[in-house]
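# pasting the sequence and the predicted model now:
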Amino acid sequence: MLIRILSSLLGCAIIIPVLIFSQTWAFPIFMALVSLISVYEMLRCLGVHKKYYLTVPFCIFGAALPLIARLSTHKTNIDFGFIALAVCAVSAIFLLTVSLFSREKFNIEKASTVFLTLFYIVGGYTALVLLRDFDGVGKYVYLLTFVGAWFTDIFAYFTGRFLGKHKLIPDISPKKTVEGSIGGIVFCMIAYVVYGVVLQNMFGLKPNYIVLATVAILISFVSQVGDLTLSAVKRKFGIKDFGKIMPGHGGLLDRFDSVIPVAILLYITFRIVELFGVKIFTLI
């Protein structure tokens, strides 16, 4: 327990300054590093990390996309959408080609799993950078990712511990309960509303509380799905943790498993509501 607490404190000591100076290149560089390590952790979980013709290009891709995302939002001529589409297409062709010629050593099932998991992981970290650079309110919006994921995780644990009676998905995560899941959603809604109140009183933003609370429900649900999904991956491939970089916690994927889908959904949600002229936060 002591190691776990010390590891958490060290993690906070690293990430808090990065968040404070998120307007600088410290943030996308940190996301690029986390993405690279997470990609390697997943490749190791899948048992293909020693296939360097896969590991090297995908680790480079994992590190590059968050950096390109920042460049694309800083008034450059970079078309991030085209780059992301091109990388997806080339990666798919590359994996299918490797699968074709390696036969059973790297079959189509393994190629599909690599493609799906890696783009999911890199997409999450890249979405965080895009959220941070969202026009006008990005510096407030991207923090909702961490608020949603971590408040859901913390209060789902405590609610489940004290009130939990019905198992949620015991074959994947024996300790998670239905009551804990509901508690995580409720407290995520409360956290989002409180966050909105803080922004309104301290930074002069006007939140749309109805939209904010509705988004919180979706965010909390997706956060738990992300957690359970990567737990299912670990069980499928017979590992306890994705890595050992954080003693007592495991790897970076073990800590960011719920942040990744939340970042993706939050970015998509903000883009969609903007298209319909709805503002979750309005600058006063």
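Alright, I've got the coordinates.

# how far does the longest helix anywhere in the chain sit from the chain's center?
Scanning the chain for the longest helix, with DSSP state H as the assignment, gives helix 209-236. Distance of helix 209-236 from its chain centroid, counting by Cα atoms, centre = their mean, to the nearest Å, is 10 Å.

# list the buried residues of it.
211-213, 215-216, 218-224, 226-231, 233-234 (16 or more other Cβ atoms under 10 Å). Just so you know, the C-beta spots here come from the backbone N, C-alpha and C atoms, and that holds for glycine as well.

# surely Ser258 is in contact with Ala149?
Yes: under the criterion of Cβ atoms under 8 Å, Ser258 makes contact with Ala149 at 4.2 Å.

# quick check: neighbours shared by these two?
Shared contacts of Ser258 and Ala149 (Cβ atoms under 8 Å, 6 or more residues apart in numbering): 223, 226.

# how's this protein carved up into domains?
The chain breaks down by automatic domain parsing into domains covering 1-133, 135-284.

# these into TSV, with extra columns for mean pLDDT?
As requested, these are arranged in TSV below (pLDDT from 0 to 100):
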stretch	mean pLDDT
domain 1-133	90
domain 135-284	90
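
# what ranges do the helices span in the stretch 1-150 of the chain?
Ranges of helices in the stretch 1-150 of the chain, per DSSP state H, counting those that start in this stretch, are 2-20, 26-45, 52-72, 80-102, 108-132, 138-141, 143-163.

# in CSV, list these along with mean neighbour count and distance to Phe270.
What follows is the helices of the stretch 1-150 of the chain, written out as CSV (neighbours: other Cβ atoms under 10 Å; distance: least, Cβ to Cβ, whole Å):
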stretch, mean neighbour count, distance to Phe270
helix 2-20, 12, 18
helix 26-45, 22, 18
helix 52-72, 19, 15
helix 80-102, 14, 16
helix 108-132, 21, 7
helix 138-141, 19, 6
helix 143-163, 20, 9
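
# for Lys279, find the nearest of those helices.
helix 138-141 (11.1 Å; Cβ to Cβ).

# how many residues are close by the nearest residue to Gly124 once chain neighbours are set aside?
If the residues on either side of it in the chain are set aside, Gly124 comes closest to Ile260, at 3.0 Å by Cβ to Cβ, 6 or more residues apart in numbering. Other residues near Ile260 number 28, with proximity taken as other Cβ atoms under 10 Å.

# then Ile260 would be within a strand, right?
No: the assignment for Ile260 (DSSP: H, G, I helix; E, B strand; the rest coil) gives helix, which keeps it out of a strand.

# tell me how far it lies from Met31.
From Ile260 across to Met31, the span is 11 Å (Cβ to Cβ, to the nearest Å).

# check Ala13 too.
Taken as Cβ to Cβ, the span from Ala13 to Met31 is 18 Å.

# how much space is there between Val233 and Gly226?
11 Å.

# sorry, that was for Leu265
If you go by Cβ to Cβ, the gap between Leu265 and Gly226 works out to 9 Å.

# same question for Leu131.
16 Å.

# any shared contact partners between Ile260 and Met31?
Tyr125.

# what count of nearby residues applies to Thr269?
17.

# buried residues in the helix or strand it falls within?
Element membership for Thr269 (DSSP states H and E) is helix 259-275. By 16+ other Cβ under 10 Å, the buried positions in helix 259-275 come out as 259-267, 269-270.

# same list (those residues) but as TSV, adding distance to Thr73.
Output for the buried residues of helix 259-275, formatted as TSV (distance: Cβ to Cβ, whole Å):
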residue	distance to Thr73
Val259	20
Ile260	20
Pro261	22
Val262	20
Ala263	15
Ile264	17
Leu265	19
Leu266	16
Tyr267	12
Thr269	18
Phe270	13
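
# which among these gets closest to Leu46?
Of the buried residues of helix 259-275, the one sitting nearest to Leu46 (Cβ to Cβ) turns out to be Ile260, at 16.5 Å.
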